[in-house]
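Asker: Below: sequence and its predicted model.
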Amino acid sequence: MTSNRFLLTIAFLVSSSAVTCAKKPTCETQGCPTGFECRKETVLETAKFPRCLPSIRDILRGRLDEYERAWNNRDYQALENFYTGDSVFVPAGVDIRRGNDGYANFIEGLITDNNWGSAKWTIQDVIYVTDELVFTVDTFEWERLPSGNPLSGKDIILWKIIDGTYYIQYGVSNLPGA
């Protein structure tokens with residue numbers, strides 16, 4: 001025979017762990033503002049996932065769209081401004097870049113030397129670390145001039161939030177043809 005205390009404990013555990021976020025009404029009933037993702041609060045070795053947080057994928061997609069526009073418009077100074085002052089960028093086959101100083105010249109050289117045309121980045125995965133740090137795994141495709149044949153590859157980017165805006169703190173890329 002099952003005790004009432006045991007049944008109440010099970011009911012409490014089930015109700016307290018049922019914070020799911022697949023549907024916005026569930027999030028709203030859990031007290032998350034509209035436009036936020038609602039997640040079960042979980043502690044892992046490296047990160048705590050808050051129950052309510054902004055849709056990081058959408059925010060980072062927006063930042064990547066801005067980066068893509070700067071790349072495609074050859075706005076090298078704007079590209080440099082995406083990197084933190086102490087950033088590290090590790091492209092395959094090219095020397096490691098540290099800091100954002102001179103990054104505009106570095107990216108201009110890569111684009112010019114490799115005849116890269118327009119580019120498109122796609123976020124494959126978002127890995128939440130803390131409120132200040134988020135990883136994305138991205139794929140990219142660059143048009144190769146003059147043939148137009150695309151080059152494709154992957155990036156892993158650590159985004160760091162500074163004054164409410166995400167910047168690239170660390171990036172690893174398998175830049176083809178560099």
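Answerer: Good, I have the coordinates. Numbering: from 1, shown residues only.
Asker: Only C-alpha atoms from now on, for both contacts and neighbour counts.
Answerer: OK.
Asker: and residue 75, what are its phi and psi?
Answerer: With angles defined as degrees, to the nearest 10, residue 75 sits at phi -90, psi 80.
Asker: separation between it and residue 107?
Answerer: To residue 107, residue 75 is 10 Å away according to CA to CA, to the nearest Å.
Asker: neighbour count winner among these two?
Answerer: Taking neighbours as other CA atoms under 10 Å, residue 75 and residue 107 compare with residue 107 leading, 18 against 15.
Asker: What helix or strand is that one located in?
Answerer: If you go by DSSP states H and E, residue 107 is part of helix 103-114.
Asker: now the helices for the protein?
Answerer: With helices called from DSSP state H, the chain shows them at 4-16, 24-29, 56-72, 76-80, 103-114.
Asker: Could you chop the chain up by domain?
Answerer: Recorded structural domains for the chain (assignment: automatic domain parsing) are 4-52, 55-173.
Asker: Kindly export the helix holding residue 107 (C-alpha atoms) in CSV.
Answerer: The C-alpha trace of helix 103-114 is given here as CSV (Å, rounded to 0.1, in the frame of the first residue of the first chain):
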residue,chain,number,x,y,z
TYR,A,103,41.9,42.6,-38.0
ALA,A,104,40.5,44.7,-40.8
ASN,A,105,43.7,44.4,-42.8
PHE,A,106,44.0,40.7,-41.9
ILE,A,107,40.4,39.9,-43.3
GLU,A,108,40.9,42.1,-46.3
GLY,A,109,44.1,40.2,-47.1
LEU,A,110,42.3,36.8,-46.8
ILE,A,111,39.4,37.9,-49.0
THR,A,112,41.7,39.5,-51.6
ASP,A,113,44.4,36.8,-51.6
ASN,A,114,41.9,33.9,-51.9
